[in-house]
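Visitor: Let me see the structure of the following:
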Amino acid sequence: MFAQLTSSPFLIASVSLLILGIILTLTGIVALMRARVGSFTLNTLSGLLLLSLGGLAGMIGFGIQGYQTLSREEVAAQISVSPLAPQRFAATFRYPDGRIANFIIAGDEIYIDAHILKWQPLANLFGLHTAYELDRVGGRYRDIEEERSAPRTLHSLSQDKPVNLFGLRQRHAFLSLLLDAKYGSASFVPVTQAAELELRVSTTGLLIRELIISPKSP
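Guide: Sure thing, here's the model as predicted:
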């Protein structure tokens with residue numbers, strides 16, 4: 001993640017804007033000390049504007065870490081499921097970047113949901129497009145009463161990040177000018193036997209397919 005942060009154009013822009021903002025603000029303070037009110041006002045306001053833009057760019061840069069840009073239907077993970085006992089199974093996630101995660105889940109079905117950030121056309125001009133992040137995996141019971149009372153398991157699939165853009169958008173309406181984070185997606189399939197699953201994501205949501213493994217030739 002550190003490599004992604006250091007190469008992020010938004011964080012590079014953020015640092016540049018913050019440096020320019022600090023320089024202009026300090027220049028404004030010097031102008032005030034010299035009783036140059038016009039220069040103080042211009043430089044200070046410009047500096048504060050650049051600092052605000054730098055802060056916004058930094059927030060976006062940190063917030064999109066962990067999200068994957070989505071332009072078509074893509075494989076988000078391959079999942080191996082294997083029953084361990086009635087209504088209890090193991091799930092192994094293999095991500096395209098090589099990461100592997102293992103979970104023990106209770107239920108009849110595997111349930112996965114995701115956050116999808118749909119950037120507005122204004123943000124598209126700056127290279128921001130629809131992006132997704134897998135959020136949680138858990139178990140789902142077919143029977144409603146079991147869903148209410150049986151043991152529940154829920155595991156996080158998201159990565160820790162200093163800024164939660166999805167949460168910020170839900171709390172602050174003004175961010176609707178940049179993105180829509182109201183849209184989420186979930187998918188689930190039954191687990192009755194060992195199987196290989198493929199989790200795919202598109203701009204319309206999540207889809208879980210069972211992979212057909214061809215038998216090896218003798």
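Visitor: Could I get the full set of strands for the chain?
Guide: For the chain, the strands defined by DSSP state E cover 68-69, 74-85, 88-94, 100-106, 109-119, 131-140, 154-156, 179-180, 184-190, 195-202, 205-210.
Visitor: can you pull the buried residues of the fourth one?
Guide: In this case it means strand 100-106. If you call a residue buried by 16 or more other Cβ atoms under 10 Å, then strand 100-106 has these buried ones: 103, 105, 106. Where C-beta positions appear, they are placed from N, C-alpha and C, glycine not excepted.
Visitor: Show me how this structure divides into domains.
Guide: As recorded under automatic domain parsing, the domains making up the chain are 2-63, 68-210.
Visitor: mean pLDDT lowest for which of these?
Guide: Ranked by mean pLDDT, those end with domain 2-63 at the bottom, a mean of 67.
Visitor: isn't residue 48 right next to residue 25, touching?
Guide: Yes: counting by Cβ atoms under 8 Å, residue 25 is a contact partner of residue 48 at 6.7 Å.
Visitor: Looking at these two, which is more packed in?
Guide: residue 25 (18 against 14; other Cβ atoms under 10 Å).
Visitor: need the contact list for the closest residue to the more buried one other than its chain neighbours.
Guide: Computed as Cβ to Cβ, 6 or more residues apart in numbering, the closest residue to residue 25 that is not its neighbour in sequence is residue 47, at 3.3 Å. Shown in contact with residue 47 (Cβ atoms under 8 Å, 6 or more residues apart in numbering): 20, 21, 22, 23, 24, 25, 26, 27, 28.
Visitor: Try it again at 10 Å.
Guide: 20, 21, 22, 23, 24, 25, 26, 27, 28, 29 (Cβ atoms under 10 Å, 6 or more residues apart in numbering).
Visitor: check contacts around the fourth one.
Guide: Read that as residue 23. 43, 47, 50.
Visitor: The last one contacts residue 20, correct?
Guide: Yes: contact criterion Cβ atoms under 10 Å: residue 50 and residue 20 qualify, at 5.1 Å.
Visitor: Can you give me the neighbour number for the closest residue to residue 96 other than its chain neighbours?
Guide: Leaving aside its sequence neighbours, residue 96 sits nearest to residue 75 (Cβ to Cβ, 6+ apart; 6.3 Å). Neighbours of residue 75 under the rule other Cβ under 10 Å: 13.
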